[in-house]
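> Return atomic coordinates for the entry below.
(one chain, ligands or ions: 2)
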Amino acid sequence: MAKFFRTTKVVGWCLILMSFYAITIRVHSQLDSLGFISIDCGYPDNSSYIDSSTKMPYNSDTQFIDTGTNYRIATLYIKPSLDKQLLSLRSFPNSTRNCYTLKSLDAGLKYLIRATFLYGNYDGLNKLPTFDIYFGINYWKTISISTADAPVAAEVIAVIPDNQVQVCLINTGLGTPFISGLELRPLKSVLYPAANATQAIILFSRVNAGPTDNTVIRYPIDPYDRIWRPWNTPQVWTELASTSTIQNLPNDHFEVPSSVMQTAVTPANSSRLQFYWIPDPKDKSPGYISAFHFFELNKSKALREFNIYLHDKLWYASPVTPDNLYSGSIYGADPAPQYSQYNVSVIPTSKSELPPIINALEIFSVAYITGTATDSGDVNAIMAIKEKYKVNRGWMGDPCAPQAYAWEGLNCSFDTSNTPRITTLNLSSSGLIGDITTSFANLKAIQYLDLSHNSLTGSIPDELSNLLSLKLLDLTSNQLNGSIPADLLKRSQDGSLVLRIGDNRDLCANENSCELPPKKKSPMILIIVIVVVVILVLLIVVILVLYIRRKWQGVYRKIMVAPCIDNPQEEGSDNAGSLLQLENRQFKYNELVGITECFRREIGRGGFGKVYRGNLENGTEVAVKMLNESSSQGVQEFLAEAKHLTRVHHKNLVCLIGYCKDGDHCGLVYEYMCEGTLEDHLRGQAGNDSPLTWKQRLRIALESAQGLEYLHTGCTPPLIHRDVKTSNILLNANLEAKIADFGLSKATSNDTTTGICTAVVGTPGYLDPQYYITFKSSKKSDVYSFGVVLLEMVTGEAPIFPGPVHIIEWVQQRLAEGDFENVLDMRMGEYNVNSVRKVTDLAMSCTAQEPGQRPTMSDVVVQLKECLILELGTAGIRSHNMYSRSDHSSNSNSRTVYMDASESIQSSAFKVEHVSDVSESAGIRSHNMYSRSDHSSNSNSRTVYMDASESIQSSAFKVEHVSDVSESAGPTLR
Ligand SMILES: *[C@@H]1O[C@H](CO)[C@@H](O)[C@H](O)[C@H]1NC(C)=O
Ligand SMILES: *[C@@H]1O[C@H](CO)[C@@H](O)[C@H](O)[C@H]1NC(C)=O
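Ligands and ions are numbered 1, 2, ... in the order given. Model (predicted):
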């Protein structure tokens, strides 16, 4: 009777399951017929295929993400043994956070999510990145790519609270994040009890023990598509196998496939099984949990009973006796504490007649689910808004959480309950087109909604009246029409709502006025006319005042000192004003002769001619640049520079005090930058006398980047410098950097010949290679040159080495060899290796061959700020040398590479190595290492040893690449 009941229950369950899947398929498109999501990231858009080994459909990632660039791994790394998903990938050079959204899930159910990564030198840079991944708002894992050819995987089992989950890649400044594959599999709630609403489990290792002929078991043998990798059996263990089908009890917590349970290991000559694993030192997990799976393969009735010990203590209170009918498991839900090494012993009890066995083993680290995701109603609403207006602000992942990655343009409340709510949405000047979507009305907790300065049309939806917390609604400067919903109007009248509706041609305050459009319009026109007249009058007054001032100044002063000296912070550019100012600052040639004491003190030569030092009558030091009559650049360019300079005021741009156009003599008078050029500080006398520290270099980099950013974005039309180099970055007494020499600057105007020149301008070594092809300079050419400048600051070297070898190649080569330390300028004293690394990476992306892949100057400024924060944040707590080199010459064919602690070894930690009986172990384990072998081929296997004793304290640990180490060293989990 009981048996019958169980059967019907199971059948019923299946029916429910099947109908659930059927419904799911009909309603949603992201899931396949099994409820799986299988994404081949970077696969050509909107295409799919059936994987030849698993027979599962894989889709391109088009519908899951809208950022990033598709790539294929380099041909060199393509091997037949690789899963197809690993051949392509999507890379994310832009934004800190990029997320895949997996939809159509069932809120509150348990899912397995797996991400795979194979670098394969896809970008040709041979730069192995490190980045973080998150599931939802929770930290999942740090992905450290340690070799170009070994795939890395991350798997999490978690209860997903919503009907969607996002998988986000976070750029932590250690290289460009990328992803090759992403898979989601639904699990029954009864599976993996350790994964619950407050804790997710992250796979460390899942192995199948016994004779496994090296095959990986996954779907369709495992209906949940877990990947069971063979656990190579060491000599001190014996393999067991059976062909009987192993059943699962109805509420089995693991449902390990029968074929996994059919094989096992047992000790060969001793009574116990021992092994250990070393966790990833970068792992933020509070500890590890394990699940051992057992089945009795011996048909005799002899007793097999054993205990499992972690170190010297029982890990599980009661002894285990494997069943000979059903698969059994022993597992914990709470993690064992953190150890640098987990030593496990499986030891028979005194009653036992048989030695212990293990059929399969899973090891997980845990992630506590702490933060809460934003209210799902808010998320759905903001997603709909993002979709409708195609908001392009890098809005990805959860809008509010984690707080560090909250979306730009909105504020959230975190206080009232645990669930963050969106309280402010500011889409002012965001180019919104179309009507006001009712999705705004679904942001139920919103208090401030600013949609001003857009092109919104249509009427204000009544639904906005339902927003009871709304305190401010700004609709200024749109093209709205119709009447204002009565309720909003009432609230605005009683003062509970600030309603701004100005500058909307056809919007009317009440329904009556709507019927009489002409009446409504005439006061508008009147107002406009009045405003225009007032502005005109003001303008005339201003011009008159300036004119009179100039006259007076002409009478009373000999030489006027530009205000920018006194107020270098002053920014902004008023065209009319500047032109007048320029005329104000005109010098006569004989004045220049006086200022420079007959051009006695030459301090440099620019594209124009010579530069002289001088003093104004009030003592202010200036630099006077005289146009060489035989200069390749003509009067035209000279005037262009004068014109540009007067338009441009920024604290990081050298300030023009005045100019001279007196007969044949042309000259420019600048503020004097007493510390000279950056070039001189990096490679010249000044650099020898007192080398710049890394912190000073970083500041100079940031300041000059700000100067360039201002040229690119703060000026209308934008200016391209076209000759960015270290000798055009000048330093004042406080070592503040200012960009000089706008002689080559050319306004990028609207006409199509923008920036096209017939002669090459710029300086060899700094010149964008693209420029040689197109003769066209763009903002991205400046970015390229600035990248070279950054490399000079990091290395202290000139852009071109004898050879000639370009600094970019030189650095690239050393980075590829893992020889980062040798790149750095030894004279720069203390530095935070992460900030230097980040600047180097930034420089490399600035100098990308393809202009589209280079960041903008604004991105550069942001990144440099982060570097500076990194540098300042760590000042004082770090010792000078984070990279140390020493000779470990024990092995002639081994190479020693030092890595930053933050670049930990990723999946190489997937090793569980067997230790034989204690007596034997001392000899085998003298180095305290673990081994790893190549995933794809045995003949060309590569082993990474890691010495646990050199861990985080020293901020560096050793990784040795040793070729041809046999796998017999021990069982390797893979
Ligand atoms: C694990 O075993 C190794 C020797 O195999 C020993 O050095 C280490 O201290 C042990 N770890 C702990 C935490 O007991
Ligand atoms: C929205 O942003 C604009 C520009 O950033 C700002 O001027 C405005 O005050 C903001 N509105 C609110 C409600 O904060």
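
> Next one: the closest residue to ligand 1 within the stretch 51-200 of the chain relative to ligand 2, how far apart?
With C-beta to the nearest ligand atom, the shortest gap between the stretch 51-200 of the chain and ligand 1 falls at Ala194, namely 22.1 Å. The C-beta positions use only the backbone N, C-alpha and C, and glycine is treated the same way. Using C-beta to the nearest ligand atom, to the nearest Å, Ala194 is found at 45 Å from ligand 2.

> Flag every residue of the stretch 501-650 of the chain that's near ligand 2.
By the rule C-beta under 6 Å from any ligand atom, no part of the stretch 501-650 of the chain lies against ligand 2.

> Repeat that for the chain.
So the chain meets ligand 2 at 426, 428, 448, 450, 472 (C-beta under 6 Å from any ligand atom).

> doesn't Ser428 make contact with the fourth one?
Going back to what we said before, that points to Asp450. Yes: assessed by C-beta atoms under 8 Å, Asp450 is found in contact with Ser428 at 4.7 Å.

> which ones are touching Asp375?
419-422, 444-445 (C-beta atoms under 8 Å, 6 or more residues apart in numbering).

> Could I have the ChimeraX command that selects the buried members from those?
Command for ChimeraX that selects the buried part of the contacts of Asp375, burial taken from 16 or more other C-beta atoms under 10 Å:
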select :419,420,421,422,445
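
> from the contacts of Asp375, which is closest to Leu870?
Pro420 (27.3 Å; C-beta to C-beta).

> Distance check, the closest one against Leu473.
22 Å (C-beta to C-beta, to the nearest Å).

> Please apply the same query to Thr763.
Where Leu473 is concerned, Thr763 sits at a distance of 54 Å (C-beta to C-beta).

> before we move on, what about Ala317?
62 Å.

> measure the residue positioned nearest the centre of the chain to Glu866 for me?
Central residue of the chain (C-alpha atoms, centre = their mean): Asn171, 2.1 Å from the mean position. Going from Asn171 to Glu866 by C-beta to C-beta gives 10 Å.

> just Tyr122 next, same as before
The gap separating Tyr122 from Glu866 is 25 Å, by C-beta to C-beta.

> Kindly confirm my reading that Val533 is in a helix.
Yes: with DSSP: H, G, I helix; E, B strand; the rest coil as the criterion, Val533 is assigned to a helix.

> Burial check on it, number of neighbours?
Neighbour count of Val533, defined by other C-beta atoms under 10 Å: 10.

> Could you do Tyr100 as well?
26.

> Same question for Asn628.
If we define neighbours as other C-beta under 10 Å, then Asn628 has 15 of them.

> from memory it sits against Val611, does it?
No: contact criterion C-beta under 8 Å: Asn628 and Val611 do not qualify, at 10.9 Å.

> Contacts only, for the residue nearest to Asp825 when sequence neighbours are not counted.
The shortest distance from Asp825 to any non-neighbouring residue, by C-beta to C-beta, 6 or more residues apart in numbering, is to Gly796 (3.1 Å). Listed by C-beta under 8 Å, 6+ apart, the contact set of Gly796 reads 682-683, 687, 691, 825-828.

> how close does Gly796 get to Met383?
Gly796 is 49 Å from Met383, by C-beta to C-beta.

> can you count the residues close to the residue in the stretch 451-600 of the chain positioned nearest to ligand 1?
Distances between the stretch 451-600 of the chain and ligand 1 by C-beta to the nearest ligand atom are smallest at Ser469, namely 54.5 Å. Ser469 has 13 neighbours, counted by other C-beta under 10 Å.

> Between the two ends of stretch 294-312, how far is it?
22 Å (C-alpha to C-alpha, to the nearest Å).

> make that stretch 801-821, sorry
Rule used - C-alpha to C-alpha; the end-to-end distance of stretch 801-821 is 18 Å.

> Flag every buried residue along that stretch.
Neighbour count says stretch 801-821 has 806-808, 810-812, 814-815, 818, 820-821 buried, by 16+ other C-beta under 10 Å.

> could the residues you listed go into a markdown table alongside distance to Lys838 and pLDDT?
Formatted as a markdown table, the buried residues of stretch 801-821 follow (distance: C-beta to C-beta, whole Å; pLDDT from 0 to 100):
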| residue | distance to Lys838 | pLDDT |
| --- | --- | --- |
| His806 | 22 | 86 |
| Ile807 | 18 | 88 |
| Ile808 | 17 | 88 |
| Trp810 | 19 | 85 |
| Val811 | 14 | 87 |
| Gln812 | 16 | 85 |
| Arg814 | 17 | 81 |
| Leu815 | 13 | 81 |
| Gly818 | 17 | 76 |
| Phe820 | 12 | 80 |
| Glu821 | 16 | 79 |
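
> Which ones among those lie within helices?
Using DSSP state H, the members of these that fall in helices are 807-808, 810-812, 814-815.

> The closest residue to ligand 1 within the chain in helix, strand or coil?
Using C-beta to the nearest ligand atom, the closest approach of the chain to ligand 1 is made by Asn343 at 3.6 Å. Under three-state DSSP, Asn343 falls in the strand class.

> mind listing the helices for the stretch 51-200 of the chain?
Applying DSSP state H, counting those that start in this stretch to the stretch 51-200 of the chain gives no helices.

> Where does the prediction get shaky in it?
Low-confidence segments of the stretch 51-200 of the chain (pLDDT under 70): none present.

> What count of nearby residues applies to whatever residue of it ends up closest to ligand 2?
Residue nearest to ligand 2 within the stretch 51-200 of the chain (C-beta to the nearest ligand atom): Ser95, separated by 19.3 Å. Number of residues near Ser95 (other C-beta under 10 Å) recorded here: 20.

> Ok, Leu538 next?
Neighbours around Leu538, by other C-beta under 10 Å: 10.

> Check the gap between Ile603 and ligand 2 for me.
Remark: distance between Ile603 and ligand 2 (C-beta to the nearest ligand atom) = 43 Å.

> let me fix that: Arg393
Counting by C-beta to the nearest ligand atom, the gap from Arg393 to ligand 2 is 12 Å.
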